[in-house]
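Colleague: no FASTA, just this:
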């Protein structure tokens with residue numbers, strides 16, 4: 001048992017080491033963004049309208065889906081609404097491309113009301129008000145309230161702040177910052193979690209589908225052991241996104257950081273080659289192109305042992321990315337076959353071929369998440385894997 005715990009800790013350390021640099025880059029990113037031109041609307045909506053919109057026009061992003069309020073806490077919030085007590089306003093983002101409102105802040109309150117008024121269940125049980133509740137409503141469900149009380153709850157007004165980005169015309173970068181700084185709940189949101197919410201569409205759905213492929217469980221350095229059977233697939237989603245972005249954009253991997261670069265790529269391609277707003281300077285890729293790129297070398301890369309993905313003593317995501325993009329480029333762009341039998345041996349000779357100094361600069365540098373570093377790694381991978389092996 002002790003030996004198993006030791007193995008788990010070592011695997012988790014691999015993940016932390018391989019993903020550290022991205023965290024640094026995300027922190028620095030925000031200081032490089034310019035001022036925004038934001039339209040802010042202050043509206044009031046009654047609860048009956050919000051309940052009708054819930055899950056249709058009013059969307060809770062995927063990564064926020066977990067409901068954490070207890071029945072007592074939810075009941076006391078309903079009680080506050082019934083009493084007409086002031087409650088905090090909520091914050092929505094106007095996603096005009098998809099004709100929807102994203103809940104940035106307020107999902108626990110809204111979901112509590114939805115469970116009480118519409119679903120009438122909480123935690124699989126009938127939702128009856130409990131806790132510090134007015135005696136008139138104690139122990140009652142929505143249908144058991146007097147008609148006057150039900151009407152008052154449905155007509156109760158919620159103050160809503162709605163935000164819409166007008167400029168710069170760079171997708172929805174303001175939304176990324178809004179999610180980071182307003183709706184953290186004490187937990188720092190990962191860049192990929194925010195991307196999946198802000199730029200949700202056909203590409204995000206496909207990416208989510210691919211990330212659940214059990215073959216990724218072979219690479220524990222991508223996410224912590226306890227996340228493998230769970231639902232946190234964002235590290236794998238980001239790996240796949242990086243692979244696509246580096247492959248399709250090479251050699252133009254540019255921008256102040258990989259985060260900004262990936263934000264822009266994901267937002268541009270979110271609807272594949274059927275964008276809602278066409279930009280003349282952008283190339284829009286089809287789902288078939290994404291699928292072909294993912295599949296053409298994935299099984300070959302997956303067949304490698306973990307030690308083959310270690311530039312030094314530990315496997316890393318950055319090394320995996322360079323190998324995967326390099327092999328895909330070889331097959332799809334240079335139209336060369338991949339000799340799987342000799343691949344592991346060829347990888348092991350990479351350091352000797354380009355020299356220790358260059359190899360270390362590519363795969364051991366602390367600031368591996370800058371676009372300059374990423375571009376150099378991908379270029380090195382493409383050039384190396386175009387060779388004979």
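Modeller: It's in. Bear in mind the structure is a predicted one, so any value in this text is a computation, not a measurement.
Colleague: now the stretch 151-300 of the chain, which segments are flagged as low pLDDT?
Modeller: Within the stretch 151-300 of the chain, the stretches with pLDDT under 70 are 167-189, 223-231.
Colleague: all strands for it, in order.
Modeller: According to DSSP state E, counting those that start in this stretch, the stretch 151-300 of the chain carries its strands in the segments 157-167.
Colleague: What is the three-state secondary structure of residue 93?
Modeller: Assigned by DSSP: H, G, I helix; E, B strand; the rest coil, the conformation of residue 93 is strand.
Colleague: doesn't residue 104 make contact with it?
Modeller: Yes - using Cβ atoms under 8 Å, residue 93 makes contact with residue 104 at a distance of 5.4 Å. The way it works is simple: take the backbone N, C-alpha and C, and place the C-beta from them, glycine included.
Colleague: Which one's more surrounded, those two?
Modeller: residue 93 (26 against 23; other Cβ atoms under 10 Å).
Colleague: tell me which element the residue lying closest to that one once chain neighbours are set aside falls in.
Modeller: Nearest residue to residue 93 in three dimensions, chain neighbours excluded: residue 102, at 4.4 Å (Cβ to Cβ, 6 or more residues apart in numbering). Assigned by DSSP states H and E, residue 102 falls within strand 100-105.
Colleague: Pairing partners for that strand, with directions?
Modeller: Strand 100-105 pairs in its sheet with strand 58-59 (parallel), strand 90-95 (antiparallel), by DSSP bridges.
Colleague: Switch those strands over to TSV; also include mean pLDDT.
Modeller: Below are those laid out as TSV (pLDDT from 0 to 100):
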stretch	mean pLDDT
strand 58-59	91
strand 90-95	87
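Colleague: Can you say which of these is nearest to residue 305?
Modeller: For the strands paired with strand 100-105, the distance to residue 305 is smallest for strand 58-59, at 42.1 Å, taking Cβ to Cβ.
Colleague: re earlier: which residues does the residue nearest to residue 93 contact?
Modeller: Neighbouring residues of residue 102 by Cβ atoms under 8 Å, 6 or more residues apart in numbering: 59, 60, 61, 92, 93, 95, 175, 197, 198.
Colleague: hmm, back to that, give me the mean pLDDT for the strand holding residue 102.
Modeller: Taken as a whole, strand 100-105 has an average pLDDT of 86.
Colleague: who does the next helix or strand after it touch, helix- and strand-wise?
Modeller: Counting by DSSP H and E, the element after strand 100-105 in chain order, helix or strand, is helix 107-114. Secondary-structure packing of helix 107-114 (3 or more Cβ pairs under 8 Å, 6 or more residues apart in numbering; DSSP states H and E): helix 47-53, helix 71-83.
Colleague: tell me the most buried of those?
Modeller: Each of the helices and strands packed on helix 107-114 was scored by mean neighbour count; the highest is helix 71-83, a mean of 18, by mean count of other Cβ atoms under 10 Å.
Colleague: and that helix with helix 107-114, angle?
Modeller: 70 degrees (axes from the mean of the first three to the mean of the last three Cα atoms, to 10 degrees).
Colleague: Just want the angle from helix 71-83 to strand 157-167.
Modeller: Inter-element angle recorded for helix 71-83 and strand 157-167: 100 degrees (by the same axes, to 10 degrees).
Colleague: looking at the helices and strands packed on helix 107-114, which is closest to residue 202?
Modeller: Comparing the helices and strands packed on helix 107-114 against residue 202 with Cβ to Cβ, the closest turns out to be helix 47-53 (22.6 Å).
Colleague: can you list the residues that contact that closest one?
Modeller: Under the criterion Cβ under 8 Å, 6+ apart, residues 58, 81, 101, 110, 113-114, 117-118, 153-156, 158 lie in contact with helix 47-53.
Colleague: Buried ones among the residues you listed?
Modeller: 58, 81, 101, 110, 113, 114, 117, 153, 156, 158 (16 or more other Cβ atoms under 10 Å).
Colleague: Could you save those as TSV and add columns showing distance to residue 141?
Modeller: Output for those, formatted as TSV (distance: Cβ to Cβ, whole Å):
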residue	distance to residue 141
58	23
81	15
101	28
110	19
113	13
114	14
117	10
153	12
156	18
158	21
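Colleague: State the pair within those residues that is farthest apart.
Modeller: Top of the distance list for these (Cβ to Cβ): 101 and 153, 21.3 Å.
Colleague: wait, doesn't residue 83 sit right on residue 134?
Modeller: Yes - in this structure, residue 83 is within contact of residue 134 by Cβ under 8 Å, at 6.7 Å.
Colleague: who touches stretch 322-337?
Modeller: 243, 246-247, 250, 292-293, 296-298, 300-301, 304, 309, 338, 343, 347, 362-363, 377-378, 380-386.
Colleague: Show me which of those residues are buried.
Modeller: If we count by 16+ other Cβ under 10 Å, the contacts of stretch 322-337 have these buried: 243, 246-247, 250, 293, 296-298, 300-301, 304, 309, 338, 343, 347, 362-363, 377-378, 380-382, 384-385.
Colleague: just checking, which of those residues belong to helices?
Modeller: 243, 246-247, 293, 296-298, 300-301, 343, 347, 362-363, 377-378, 380-382, 384-385 (DSSP state H).
Colleague: For the stretch 151-300 of the chain, which segments count as helices?
Modeller: Remark: helices assigned in the stretch 151-300 of the chain by DSSP state H, counting those that start in this stretch are 173-182, 191-198, 202-211, 234-249, 258-269, 287-302.
Colleague: for those, which one ends up most surrounded?
Modeller: Compared across the helices of the stretch 151-300 of the chain, helix 191-198 shows the largest average neighbour count, a mean of 25 (mean count of other Cβ under 10 Å).
Colleague: which helices and strands sit right next to that helix?
Modeller: Where contact means 3+ Cβ pairs under 8 Å, 6+ apart, helix 191-198 is packed against helix 173-182, helix 202-211, helix 234-249, helix 258-269.
Colleague: Measure how far it is from the centre of its chain, please.
Modeller: Mean-position distance between helix 191-198 and its chain equals 3 Å (Cα atoms, centre = their mean, to the nearest Å).
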